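# can you look at this prediction? I've put the sequence above it.
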Amino acid sequence: MIMYEIHQYRAGKWHLDSVYDSEDLALDEAERVDALGHVQAIRVVEVYDKNNPARNRVVYRGGDVALRREAGKTAEPHISVAQIVGLVVTGVVALGVWIYLQLN
């Protein structure tokens with residue numbers, strides 16, 4: 001089931017504001033909030049799969065253009081630091097095993 005999340009950018013982070021089943025309702029609400037001018041930036045994210053954020057897409061962006069650009073730079077990465085560390089450790093171990101096998 002596709003859902004539409006409204007996120008507001010405050011204090012340097014994106015915060016989930018509300019969730020809708022209808023794209024039209026989500027867009028209407030985001031545009032209404034944006035028109036009030038009380039948020040730094042606002043976006044509507046079309047969520048296909050909560051477990052796979054790479055499939056999600058932003059369908060609306062609002063707020064101050066400079067702040068939207070800055071908010072886009074600080075958006076949460078799709079891969080965590082723990083996942084990166086795990087991949088590096090796995091690679092180092094695999095390299096060690098390969099070297100060991102080559103020497104014996």
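Yes, it's here.

# got any ranges where this structure has weak pLDDT?
65-80 (pLDDT under 70).

# can you map out the helices along it?
With helices called from DSSP state H, the chain shows them at 23-36, 65-73, 81-103.

# what about Gly96, distance to Leu16?
42 Å (C-beta to C-beta, to the nearest Å). (Glycine included, C-beta is placed from N, CA and C.)

# ignore the last one, Glu23
17 Å.

# what's the answer for Leu101, then?
49 Å.

# again with Val92
37 Å.

# now swap in Tyr100 and tell me
Taking C-beta to C-beta, one finds Tyr100 at 48 Å from Leu16.

# which residues sit in contact with Tyr20?
When contacts are counted by C-beta atoms under 8 Å, 6 or more residues apart in numbering, Tyr20 touches 3-6, 26, 29.

# what's the closest of the helices of the chain to Pro53?
Closest approach to Pro53 among the helices of the chain (C-beta to C-beta): helix 81-103, 12.6 Å.

# just the C-alpha atoms of the closest one, please, in CSV.
Provided in CSV are the C-alpha atoms of helix 81-103 (Å, rounded to 0.1, in the frame of the first residue of the first chain):
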residue,chain,number,x,y,z
VAL,A,81,27.4,4.1,9.7
ALA,A,82,27.0,0.7,11.4
GLN,A,83,26.2,-0.8,8.0
ILE,A,84,29.3,0.8,6.5
VAL,A,85,31.5,-0.4,9.3
GLY,A,86,30.1,-3.9,8.9
LEU,A,87,30.9,-3.9,5.2
VAL,A,88,34.4,-2.7,5.9
VAL,A,89,35.1,-5.3,8.6
THR,A,90,33.7,-8.1,6.3
GLY,A,91,36.0,-6.9,3.5
VAL,A,92,39.0,-6.9,5.7
VAL,A,93,38.3,-10.4,7.0
ALA,A,94,37.7,-11.7,3.5
LEU,A,95,41.0,-10.1,2.4
GLY,A,96,42.8,-11.7,5.3
VAL,A,97,41.4,-15.1,4.5
TRP,A,98,42.4,-14.7,0.8
ILE,A,99,46.0,-13.7,1.7
TYR,A,100,46.2,-16.7,4.1
LEU,A,101,45.0,-19.1,1.5
GLN,A,102,47.5,-17.7,-1.1
LEU,A,103,50.4,-18.1,1.3
